[in-house]
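# Sequence first, then the predicted structure, then my questions.
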Amino acid sequence: MKVVYLDNNATTKVADEVREAMLPYLSELYGNPSSMHTFGGQVHRNIEIAREQVAALINAEPEEIIFTSCGTESDNTALMSALLSRHDKKHIITTRVEHPAVLNFCKTTAREGYRVTFLPVDKGGRLNLEELRAALTDDTAVVSIMYANNESGVIFPIHDIADIVKSKGVPFHIDAVQATGKIPIDVKKLPCDMMSISGHKMHAAKGVAALYIKRGARFTPYIIGGHQEHGRRAGTENVASIVGFGVASDLAKKHLQTEGTRIQDLKDKLEQGLFNTCPDPRINGDMVNRLPNTTNISFEYVEGEAILLKLNEFNICASSGSACTSGSLEPSHVLRSMGVPFTAIHGSVRFSLSRYTTEEEIDFVLEKMPPIIKELRELSPYGTDLACH
Ligand code: PLP
């Protein structure tokens, strides 16, 4: 049975063009890019081409990009660098809905004596910018806020946030792992110091990511060793994946406008279809400022994992904010921060589309979902009044 993959915020399919570009570096072009000989040198040149391609996607300069192993490493590097570069400052500002790559890093620093402000969000997953303004102090070492949320898809007003943070002269890091390749990003117009992006969220391979470091921004390396990445990130480069990441960035740039609209239309069709066939679904997150590919819908009084298991029988891949499916003991911290009732968190499903998603796949999901919700609601002691038509 064909896989209907609607879990693209978790990871994405490697584009054919990316795989093709990677293959030579997994076979004949195995030289070390740091070597003096021509054999290694040609590999080095292709890393630099990839750097230009990744930079172009966010309108950065190539020398402002360093390659890392994953979005988590980029986030940790940015935060650690900010703290190491400003030893005297002991305050961090972030939000309650960040990815664990930021959230757990900040919680660790809190245990080591830092004061961390975790900004709350409202029902729509939105920040109150006055709270951000009020939280900034002379002791603030760094502000780290995501561009778009991985679970709800909510896009923060990142330009306004950047203006507020930079007006106080505080270093600003953006976790743009979910936004890159899905919405236009222009770092020339966005006053931030660092920005994380990750390859496997945009049809490159796993094991490669990047950190944008604005020219002139203070930076202290996190991984120490050799001179790779101009001394900013040691370790022999993951050449094949880096080259593929470059191609993926080119493709993302090329498809951004047209595919963004098509994906948004498909997502709207999915939401509308579910609203027409299942009573009382609720969209979790701002209806306007949302990634074009993401919808997070709750079906109250139904278990999210039960929905996923039923979808799985048809090879439909999605994810849920309930504890069992997220691999953690707690249900989604994002949905909890948004004040989503527990009954709705447990019944939440996230569908995340990509440029490979087809209309037939959305029609297939719309055919399968209503009977699934109907069946599960009939099993629920609370859900019998809410059966689907
Ligand atoms: N930041 C956000 C917003 C994410 O969604 C993710 C992954 O889901 C990460 C960071 C971590 O990225 P990676 O999986 O490349 O470590």
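That came in fine, so what should we check first?
# can we go C-alpha only for contacts and neighbour counts from here?
Will do.
# Report the rounded mean pLDDT for the helix or strand in which residue 259 is found.
Counting by DSSP states H and E, the element that carries residue 259 is helix 239-277. In this model, helix 239-277 has a mean pLDDT of 96.
# what packs against the helix or strand that it is followed by?
On the C-terminal side of helix 239-277, the nearest following helix or strand under DSSP H and E is strand 281-283. Counting contacts by 3 or more Cα pairs under 8 Å, 6 or more residues apart in numbering; DSSP states H and E, strand 281-283 is packed against strand 294-299.
# Adjacent strands (with direction) for the strand it packs on?
Paired with strand 294-299 in the same sheet, following DSSP bridges, are strand 281-283 (antiparallel), strand 348-352 (antiparallel).
# about what we covered before: so what angle separates the directions of the helix holding residue 259 and strand 294-299?
Between helix 239-277 and strand 294-299, the angle formed by their directions is 40 degrees, by axes from the mean of the first three to the mean of the last three Cα atoms, to 10 degrees.
# Who are the packing partners of helix 239-277?
Of the remaining helices and strands, those touching helix 239-277 by 3+ Cα pairs under 8 Å, 6+ apart are helix 16-22, helix 38-57, strand 294-299, helix 359-379.
# From the chain's centroid, how far away is that helix?
Relative to the mean C-alpha coordinate of its chain, helix 239-277 is positioned 13 Å out (Cα atoms, centre = their mean, to the nearest Å).
# Surely residue 116 is in a strand?
Yes: under DSSP: H, G, I helix; E, B strand; the rest coil, residue 116 sits within a strand.
# In JSON lines, list the strands paired with strand 294-299 along with mean neighbour count, distance to the ligand and mean pLDDT.
Shown next, in JSON lines, are the strands paired with strand 294-299 (neighbours: other Cα atoms under 10 Å; distance: least, Cα to the nearest ligand atom, whole Å; pLDDT from 0 to 100):
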{"stretch": "strand 281-283", "mean neighbour count": "18", "distance to the ligand": "19", "mean pLDDT": "94"}
{"stretch": "strand 348-352", "mean neighbour count": "28", "distance to the ligand": "12", "mean pLDDT": "97"}
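# Save the ones you listed as CSV, and put in distance to residue 11 too.
Supplementary listing: the strands paired with strand 294-299 in CSV, determined by distance: least, Cα to Cα, whole Å:
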stretch, distance to residue 11
strand 281-283, 22
strand 348-352, 10
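# residues touching residue 287, list them.
Contact partners of residue 287, counting by Cα atoms under 8 Å, 6 or more residues apart in numbering, are residue 124.
# what's the spacing between it and residue 73?
31 Å (Cα to Cα, to the nearest Å).
# ditto for residue 143
From residue 143 over to residue 73 the distance is 17 Å, taken as Cα to Cα.
# ok, those two, which is more surrounded?
Neighbour comparison, residue 143 and residue 73: the larger count goes to residue 143, with 26 against 22 (by other Cα atoms under 10 Å).
# element containing the more buried one, please.
When secondary structure is defined using DSSP H and E, the element that contains residue 143 is strand 140-146.
# what does that strand rub up against?
In this structure, residues lying in contact with strand 140-146 by Cα under 8 Å, 6+ apart are 79, 82-83, 86, 89-95, 98, 102, 156, 165, 170-176.
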